[in-house]
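> The sequence and its predicted three-dimensional model are supplied below.
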Amino acid sequence: MKKNSLWLALLLSCFQSAAFATDINHADHQPLTQHGYNNIQKINDGLTIENATAKATIPGTKVSSGYMKIINNSDKAITLTGAASAIAQHTEFHRMFMRDSQMAMRKVDALEIPAQGSIVLAKNGYHLMFMGVKNDLKADQIITVSMQQANGEHFDVQLLVMPLKKH
């Protein structure tokens with residue numbers, strides 16, 4: 001069963017469905033502060049999160065993904081070693097890449113945000129993967145993800161669930 005769930009997660013992340021897709025453009029989706037969500041989250045003096053979103057779940061699936069820009073304004077690199085959320089059994093960092101002319105996905109043990117730099121978690125690149133989603137994720141829902149740093153510190157990020165859009 002676990003293998004089937006991982007295979008489904010890979011397929012959903014690799015191929016853009018003709019029927020369902022989500023955009024990260026907040027300009028098309030207005031209620032950003034309605035539920036206390038802010039698309040710019042200042043974690044501390046050196047760390048800022050922008051445009052943190054998650055995909056609404058496709059009916060009948062138990063996987064989703066999360067996207068954001070993580071900005072490090074400090075003079076030292078920041079390494080993220082884990083993520084967790086109450087909405088899923090497993091939350092992991094993943095990366096999409098090309099292998100033999102096909103998209104593939106693999107778990108990443110750590111993400112490094114360079115000093116005075118940033119990393120973007122986005123479709124077809126690095127992203128958060130939510131596996132074993134406990135309840136359907138619906139548009140405008142706010143979910144919390146706890147990120148763990150290599151130094152043992154944790155911080156929470158709020159992600160706005162974006163609606164499924166028909167194309």
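Yes, it's here. For clarity, every value in this text was computed on a predicted model and none was experimentally measured.

> State the distance from the residue sitting furthest away from the middle of the chain to residue 92.
Of all residues in the chain, residue 100 has its C-alpha farthest from the mean position, at 25.8 Å, by CA atoms, centre = their mean. To residue 92, residue 100 is 23 Å away according to CB to CB, to the nearest Å. (C-beta placed from N, C-alpha, C; glycine too.)

> Residue 157 too?
Distance, residue 157 to residue 92, by CB to CB: 15 Å.

> Sketch out the low-pLDDT regions of this protein for me.
When residues are selected by pLDDT under 70, those of the chain lie in 1-36, 167.

> Do a quick rundown of the strands in it.
40-42, 47-55, 63-72, 78-84, 88-99, 102-108, 111-113, 117-121, 126-133, 142-149, 154-162 (DSSP state E).

> ok, the second one: who's next to it in the sheet?
Sheet pairing here is set by DSSP bridges, and for strand 47-55 it gives strand 40-42 (antiparallel), strand 63-72 (antiparallel), strand 154-162 (parallel).

> If you count neighbours, what's buried in the first one?
The one in question is strand 40-42. For strand 40-42, a neighbour-count test (16 or more other CB atoms under 10 Å) marks residue 41 as buried.

> Pull the residues that contact that strand.
With contact meaning CB atoms under 8 Å, 6 or more residues apart in numbering, strand 40-42 is reached by 48, 49, 50, 52, 157, 158.

> Switch those over to CSV; also include neighbour count and distance to residue 118.
Formatted as CSV, these follow (neighbours: other CB atoms under 10 Å; distance: CB to CB, whole Å):
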residue, neighbour count, distance to residue 118
48, 16, 9
49, 23, 10
50, 15, 9
52, 25, 13
157, 20, 14
158, 16, 18
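
> Distance to residue 37 added to these, as JSON lines?
Output for the contacts of strand 40-42, formatted as JSON lines (distance: CB to CB, whole Å):
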{"residue": "48", "distance to residue 37": "15"}
{"residue": "49", "distance to residue 37": "11"}
{"residue": "50", "distance to residue 37": "12"}
{"residue": "52", "distance to residue 37": "9"}
{"residue": "157", "distance to residue 37": "11"}
{"residue": "158", "distance to residue 37": "6"}
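
> so which of the residues you listed comes closest to residue 87?
residue 158 (12.0 Å; CB to CB).

> correct me, but the closest one touches residue 146?
No: at 11.0 Å, residue 158 does not count as touching residue 146 under the criterion of CB atoms under 8 Å.

> who's in contact with residue 85?
Contact analysis of residue 85 by CB under 8 Å, 6+ apart lists 91, 130, 143, 144, 145, 146.

> Could you report the neighbour count for the last one?
Going back to what we said before, that points to residue 146. Neighbours of residue 146 under the rule other CB atoms under 10 Å: 14.
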